[in-house]
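S.K.: Need coordinates for the below:
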Amino acid sequence: MKKILFIIIAVISSIEILADQNNLFSKKNNQILPAEEAFGFNLKKINQNIIATWEIKDGNYLYLQSVLVKIGDNEVKYKVIKGDALDYKDEFFGETEIIKNILEIEFKNDVLDMEAKIYYQGCSEKGFCYPVQEVKI
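M.R.: The predicted structure follows:
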């Protein structure tokens with residue numbers, strides 16, 4: 001009985017060592033990045049123009065339809081400066097467009113006494129979708 005118990009412990013220990021060495025079950029490979037890292041959001045203000053940039057890490061994407069700019073309660077139109085929209089069939093949104101790699105938009109904030117907000121949402125290709133992110137400007 002002692003020999004069987006010893007063999008079981010030895011096998012389990014060996015599997016753990018092999019898994020760590022070969023990254024078979026590595027936590028790092030299955031890790032989901034925080035939204036700030038996955039989408040690398042940045043803002044640049046030039047007078048009344050605001051440029052928002054997302055540097056999207058490999059394995060992640062943004063829903064183009066989820067990018068929304070509001071000043072007060074009013075939605076503000078923006079211009080896409082960089083980023084290629086890709087057609088995508090999503091199980092939740094159906095036919096939609098996503099952005100990978102980089103998205104850069106520009107809009108005017110000429111109402112200085114009102115708070116501006118940018119909303120966006122994206123997913124990891126591992127199947128995890130982030131909640132809507134809100135950035136106050």
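
S.K.: domains for this structure, by residue range?
M.R.: 1-28, 32-136 (automatic domain parsing).

S.K.: Span of the longest one from start to end?
M.R.: End-to-end distance for domain 32-136, by CA to CA, to the nearest Å: 24 Å.

S.K.: now stretch 126-135
M.R.: End-to-end distance of stretch 126-135 (CA to CA): 25 Å.

S.K.: before we move on, what about stretch 126-137?
M.R.: For stretch 126-137, by CA to CA, the gap between its terminal residues amounts to 31 Å.

S.K.: Tell me where the chain has strands.
M.R.: Read by DSSP state E, the chain holds these strands, from start to end of the chain: 41-46, 49-55, 60-63, 68-71, 74-75, 79-82, 85-90, 94-99, 102-108, 116-120, 122-124, 133-136.

S.K.: neighbouring contacts of the second one?
M.R.: For strand 49-55, the surrounding residues in contact (CB atoms under 8 Å, 6 or more residues apart in numbering) are 39-45, 62, 69, 78, 81-82, 99, 101-109, 116, 118, 120, 135, 137. Placement of C-beta: from N, CA and C, glycine included.

S.K.: and it, C-alpha only, in PDB?
M.R.: Extracted as PDB, the C-alpha positions of strand 49-55 are listed here (Å, rounded to 0.1, in the frame of the first residue of the first chain):
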ATOM      1  CA  ASN A  49      -9.800  68.800 -30.500                       C
ATOM      2  CA  ILE A  50      -9.400  65.600 -28.600                       C
ATOM      3  CA  ILE A  51      -7.700  62.500 -30.100                       C
ATOM      4  CA  ALA A  52      -8.500  59.200 -28.400                       C
ATOM      5  CA  THR A  53      -6.300  56.200 -29.200                       C
ATOM      6  CA  TRP A  54      -6.600  52.500 -28.400                       C
ATOM      7  CA  GLU A  55      -3.500  50.400 -28.900                       C
END
